[in-house]
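Chemist: this one's structure only:
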């Protein structure tokens, strides 16, 4: 394992710890929107203070820079993507590897504004290579909408940047799709999906830390059944 790979693995572990400490990542039994009973739950909406959002943005910025993806700006789909795009843009402006580069961002409204500047877009004009930033990908609906908006403006979607890849096949508790939402996005749009961490990193924590070892079997069983 190279030094760069080790550093990235360490960063992923640190993010999982960070999410646990803030209660963003929890273990137990949680019913998902699809009706599945998941042994863990990740709610990025709980990064809800200036300090936690600032730390989260640093993880996003580091992950994007380390990915090697070329980008000109960020796009945050409403609603969760709005604060993520803004905060990550700030973190990128302070990133040592970018040497003071000022990365613009934009986001959309759920409903078009009919007065003032009007339209559904707020922020910098969409141009060049655009990274879509969100918390997770569940059904891919937000990505499809974002890709359409970016292309309509004559810009190019470059990647999707998310906090956690659940590595979980789509469908519900009875019908299981062939691929995960992340895999479907990558195949349908030809876009790389970059995640700060994944289910594999959560499972590594369960293997390494006795404090959470009681959840290891249930998470492993869930991954065996639904994992992509």
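Modeler: That came in fine, so what should we check first? Here the structure is a predicted model, which is why all the values come from computation and not from measurement.

Chemist: need the helices for this protein, in chain order.
Modeler: When secondary structure is read from DSSP state H, the chain shows helices at 3-21, 50-67, 80-93, 141-152, 181-189, 199-208, 216-226.

Chemist: For my notes, please list those in CSV and give mean pLDDT for each entry.
Modeler: Formatted as CSV, these follow (pLDDT from 0 to 100):
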stretch, mean pLDDT
helix 3-21, 90
helix 50-67, 97
helix 80-93, 97
helix 141-152, 94
helix 181-189, 94
helix 199-208, 94
helix 216-226, 96
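
Chemist: Out of those helices, which one sits most buried?
Modeler: Ranked by mean neighbour count, the helices of the chain are led by helix 80-93 with a mean of 22 (mean count of other Cβ atoms under 10 Å). Every C-beta, even on glycine, is put in place using the N, C-alpha and C of the backbone.

Chemist: if I look at the residue nearest the centre of the chain, how far off is residue 78?
Modeler: Centroid-nearest residue in the chain: residue 162, 1.2 Å away (criterion: Cα atoms, centre = their mean). Between residue 162 and residue 78 the computed distance is 16 Å (Cβ to Cβ, to the nearest Å).

Chemist: ok, the residue lying closest to residue 47 once chain neighbours are set aside - contacts?
Modeler: Computed as Cβ to Cβ, 6 or more residues apart in numbering, the closest residue to residue 47 that is not its neighbour in sequence is residue 56, at 4.8 Å. Contact analysis of residue 56 by Cβ atoms under 8 Å, 6 or more residues apart in numbering lists 18, 44, 47, 84, 87, 163.

Chemist: From those residues, pick the one nearest residue 224.
Modeler: residue 163 (23.8 Å; Cβ to Cβ).

Chemist: now residue 162, nearest residue through space, not along the chain?
Modeler: Per Cβ to Cβ, 6+ apart, closest to residue 162 is residue 195, 5.0 Å.

Chemist: Can you get me a residue count around the one you found?
Modeler: When neighbours are counted by other Cβ atoms under 10 Å, residue 195 registers 22.

Chemist: Please verify my assumption that residue 110 contacts residue 77.
Modeler: No - applying Cβ atoms under 8 Å, one finds residue 110 not in contact with residue 77, separated by 9.7 Å.

Chemist: between these two, who's got more neighbours?
Modeler: More crowded of residue 110 and residue 77, by other Cβ under 10 Å: residue 77, with 21 against 8.

Chemist: For the more buried one, grab phi and psi.
Modeler: phi -70, psi 140 (degrees, to the nearest 10).

Chemist: what about it, distance to residue 172?
Modeler: The spacing between residue 77 and residue 172, counted by Cβ to Cβ, is 24 Å.

Chemist: With residue 192 instead?
Modeler: On the measure of Cβ to Cβ, residue 192 and residue 172 end up 27 Å apart.

Chemist: Which residue of those two possesses the greater neighbour count?
Modeler: residue 192 (15 against 12).

Chemist: who touches the more buried one in this structure?
Modeler: So residue 192 contacts 67, 69, 159-160, 186 (Cβ under 8 Å, 6+ apart).

Chemist: How about residue 170?
Modeler: Residues near residue 170 by Cβ under 8 Å, 6+ apart: 34, 139, 176-177, 179-181, 184.

Chemist: What of residue 201?
Modeler: 12-13, 15-16.

Chemist: mind checking which of the helices of the chain is nearest residue 133?
Modeler: helix 80-93 (5.0 Å).

Chemist: what packs against that closest one?
Modeler: With contacts taken as 3 or more Cβ pairs under 8 Å, 6 or more residues apart in numbering; DSSP states H and E, helix 80-93 sits against helix 50-67, strand 73-76, strand 105-113, strand 129-133.
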